[in-house]
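Colleague: what's the 3D shape of this:
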Amino acid sequence: MGSTVTGDPAILYSWSPLTGLSAANVADPTATVAATSTYTLTIYDANGITASTTTTITVTAPAVSSPSAFMCIGSTMNLTPSTGGTWVSNAPAVASINSTTGVVTAVSLGTVTFTFTSTSTGCSNTTATITVSPIPEKPTITPTNLSTDSPTLTSSSDSGNQWFRDNVAISGATGKVFNVTVNGSYTVRVTTNGCTSPVSDAVDIVITGIEDRITSSNSRLYPNPAREIIQIDWSDFISGAGIEVKIYDQIGRLINTRVMASSDNSIDVRSLVQGPYIFLARQNNLILIQRFIKQ
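Modeller: Down below sits the predicted model:
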């Protein structure tokens, strides 16, 4: 005597793709995804009947941003968001970050990224790579052709230069070499990857043949010619502040330098040999350049 088996035939499950799933052949696998993903479930029974459906898991990553892709060693910057989660640096030895405020401090040369995890959703997002660069060394200036009417200044840095005259940036003067055409005090500063060096020591240039330059209307020196003493009228200079004074010979060599007060109104020139000289006085942006003859 025969028998009949009744009941539901066996059901098989198949998930695709497998990426991020805890299992592919169960009805309810656990999915761990970093980005929005779509999965297809196909069901088979023993009678050969199949059915399929799709489901999409949407991941909404928190928006993150940094104000720059570059930092200088020792500098700081703020990442956003600054609330609602925690920040982590992938290279704390290069740049550390306050986990709750998003304030980054650059520590050493290298590259780094930062990951923010939202407290409310558990979702994370990572910044673009940030490069930490060193602050360029203080450049030096090498002057040449001082005894001509076309002195040349050369920076110790091959690139990133910005030349200044009397503390004002010279438009377009960004090369390694700068040709001087105007009397003044010249400096250079170097910028690399947004990091700026200290300003170089100043080089004062006095070109023979250029007219006297006086940015004050009343200051002057006298008598001219002078035998023993030259008197200085500091009318337009600030009382109590130091005045840098330099004396050059006619080919631009520095003969004497000193810092004077506005109450010091004379210089002994008896030690100078007879001939023409250039007197330069500077106090901040106030400049007096005047020729005199030593008899």
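Colleague: lowest-confidence helix or strand of this structure?
Modeller: strand 213-214 (a mean of 52; mean pLDDT, DSSP states H and E).
Colleague: Surely Ser96 touches Trp87?
Modeller: No: using CB atoms under 8 Å, Ser96 makes no contact with Trp87, being 10.0 Å away. C-betas here are computed from N, CA, C, even on glycine.
Colleague: if you count what's nearby, which of these two comes out ahead?
Modeller: Trp87 (21 against 17; other CB atoms under 10 Å).
Colleague: residues contacting the more buried one?
Modeller: Contacts for Trp87 (CB atoms under 8 Å, 6 or more residues apart in numbering) come out as Leu79, Ile97, Asn98, Ser99, Thr100, Gly102, Phe114, Thr115, Phe116.
Colleague: Who is it paired with across the strands?
Modeller: Phe116 (DSSP bridges).
Colleague: remind me which residues of this structure are low pLDDT?
Modeller: 1-9, 147-149, 207-218, 251-252 (pLDDT under 70).
Colleague: Show me how the record splits it into domains.
Modeller: The chain breaks down by automatic domain parsing into domains covering 11-57, 70-133, 141-205, 213-294.
Colleague: Which among these is found nearest to Ala63?
Modeller: domain 70-133 (7.1 Å; CB to CB).
Colleague: So what would you say the end-to-end distance of that closest one is?
Modeller: 7 Å (CA to CA, to the nearest Å).
Colleague: any chance of the domains of the chain in JSON lines, plus distance to Val64?
Modeller: Formatted as JSON lines, the domains of the chain follow (distance: least, CB to CB, whole Å):
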{"stretch": "domain 11-57", "distance to Val64": "14"}
{"stretch": "domain 70-133", "distance to Val64": "5"}
{"stretch": "domain 141-205", "distance to Val64": "20"}
{"stretch": "domain 213-294", "distance to Val64": "45"}
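Colleague: burial measure for Val182, as a count.
Modeller: 12.
Colleague: actually Val273, sorry about that
Modeller: Counted with other CB under 10 Å, Val273 comes out at 8.
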